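Q: need a 3D model of the following:
(one chain, ligands or ions: 2)
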Amino acid sequence: MRTIGILTSGGDAPGMNAAIRAAVRTATCHDIRVVAYLDGYAGFVAGEFVALDDRAVGNILHRGGTVIGTSRCPEFFDPAVRAAAAARMRDAGVEGLIVIGGDGSFRGALALQEEHGVPVVGIPGTIDNDIWGTEETIGFDTAVNTAVRAIDQVRDTSESTGMMFFVEVMGRTSGAIALHVGVAAGAASVVVPESHEDVEAIAERIRRSIGRGKRSHIIVVAEGDEAGGAFGFAKRFEAVMPDHPYRVLVLGHIQRGGSPTARDRIIASLSGASAVEALANGRSGVMIGIQCGRPVEVPLRDVIAHGKPDPDFGMLQLAQALAG
Ligand code: ADP
Ligand code: F6P
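A: Ligands and ions are numbered 1, 2, ... in the order given. Here you go, the predicted model:
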């Protein structure tokens with residue numbers, strides 16, 4: 001293989017740049033050229049790419065976002081668009097493709113391989129940590145740390161005033177961020193899309209903790225919860241605890257940005273290097289997962305067939321048990 005393409009797709013995630021850097025520099029060791037398609041599948045469809053050499057990926061390891069841009073590209077759902085894009089790729093002499101993104105991006109990648117024989121390798125890059133076959137996705141650790149830092153600050157005012165805070169974290173279909181943030185930030189409870197919460201039971205726990213003298217109360221709500229995020233959940237809560245003052249805080253996209261943590265830089269570096277090793281050695285149709293801290297190749301077909309992994313509800317029990 002002489003030339004491979006790389007793209008980032010879906011929501012950006014801190015650490016994607018570290019993966020791009022690792023892929024380019026590993027490719028150099030194999031005498032393989034890397035070209036980056038700009039703005040995800042949008043650039044791939046348009047055939048827009050730039051060559052990346054070792055110097056082009058200098059000084060990006062610590063930067064959030066993705067220097068090659070990303071997008072959600074509805075056109076890529078169309079088989080005819082994929083066929084034209086695959087032909088354009090072949091004509092340009094690009095022989096394999098690394099796709100950094102979430103499960104949607106992997107569906108697109110697998111379609112390319114199965115329909116047009118394009119060798120693809122996926123790298124899980126999404127703050128949501130909702131991909132089967134890997135313990136962690138690139139960006140999750142940074143997003144969790146960002147949310148925890150914000151809640152630590154909110155706790156100061158909650159403790160001072162006695163106001164309760166409903167803090168919304170990202171995760172339209174996944175409660176992973178909320179559950180981890182809940183434990184790490186000492187939340188009274190965590191509300192996630194994957195379960196139906198008993199508002200009265202949460203209120204009763206808070207009433208008891210107020211009785212024991214507790215002043216700060218943080219409830220972490222995933223944006224995709226059925227109640228309608230933190231604002232919706234706060235309204236439901238107000239109905240059962242009408243006299244308690246509260247505020248709602250939506251953390252939003254600040255969780256997607258910022259310099260990646262060391263953990264994210266490390267898993268991204270391992271994954272970017274392993275993706276190139278796979279392609280260089282004739283292996284494709286796989287995702288580079290992280291299992292027991294090490295990179296492993298997991299068939300993309302299995303990743304997609306399993307769908308989203310179950311969230312770790314043990315984290316919810318732990319947060320509640322430790323809330324005091
Ligand atoms: P993520 O990759 O983070 O899960 P999305 O689900 O939004 O994010 O998918 C990102 C992009 O991947 C989509 O905008 C589309 O271009 C492509 N994609 C998603 N699902 C498919 C699919 N089933 N077939 C082809 N392309 C897809
Ligand atoms: O998939 C990553 C993510 O940040 C989700 O947590 C969130 O629901 C979604 O993307 C937001 O997407 P957008 O930036 O397109 O609104």
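Q: now this protein against ligand 1: closest residue?
A: Gly104 (2.0 Å; CB to the nearest ligand atom). No exception for glycine: its C-beta is placed from N, CA and C like everyone else's.
Q: packing partners of whichever strand or helix holds Ile210?
A: Element membership for Ile210, per DSSP states H and E: helix 199-211. Helices and strands touching helix 199-211, by 3 or more CB pairs under 8 Å, 6 or more residues apart in numbering; DSSP states H and E, are strand 217-222, helix 229-240.
Q: stretch 256-266 near ligand 2 at all?
A: Yes: under the criterion of CB under 6 Å from any ligand atom, stretch 256-266 makes contact with ligand 2 via Arg256.
Q: not counting that stretch itself, show me its contacts.
A: Residues outside stretch 256-266 that contact it (CB atoms under 8 Å, 6 or more residues apart in numbering): 11-15, 17-18, 61-65, 127, 136, 138-143, 145-146, 170, 268.
Q: in a markdown table, list the helices and strands packed on helix 199-211 along with distance to ligand 2.
A: Output for the helices and strands packed on helix 199-211, formatted as a markdown table (distance: least, CB to the nearest ligand atom, whole Å):
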| stretch | distance to ligand 2 |
| --- | --- |
| strand 217-222 | 9 |
| helix 229-240 | 10 |
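Q: would you reformat the ones you listed as CSV and include mean neighbour count and distance to Ala23?
A: Below are those laid out as CSV (neighbours: other CB atoms under 10 Å; distance: least, CB to CB, whole Å):
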stretch, mean neighbour count, distance to Ala23
strand 217-222, 28, 31
helix 229-240, 18, 36
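Q: turn the ones you listed into TSV, including mean pLDDT and distance to Arg90.
A: What follows is those, written out as TSV (pLDDT from 0 to 100; distance: least, CB to CB, whole Å):
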stretch	mean pLDDT	distance to Arg90
strand 217-222	97	42
helix 229-240	96	44
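Q: and these as JSON lines, adding distance to Trp132?
A: As requested, those are arranged in JSON lines below (distance: least, CB to CB, whole Å):
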{"stretch": "strand 217-222", "distance to Trp132": "19"}
{"stretch": "helix 229-240", "distance to Trp132": "25"}
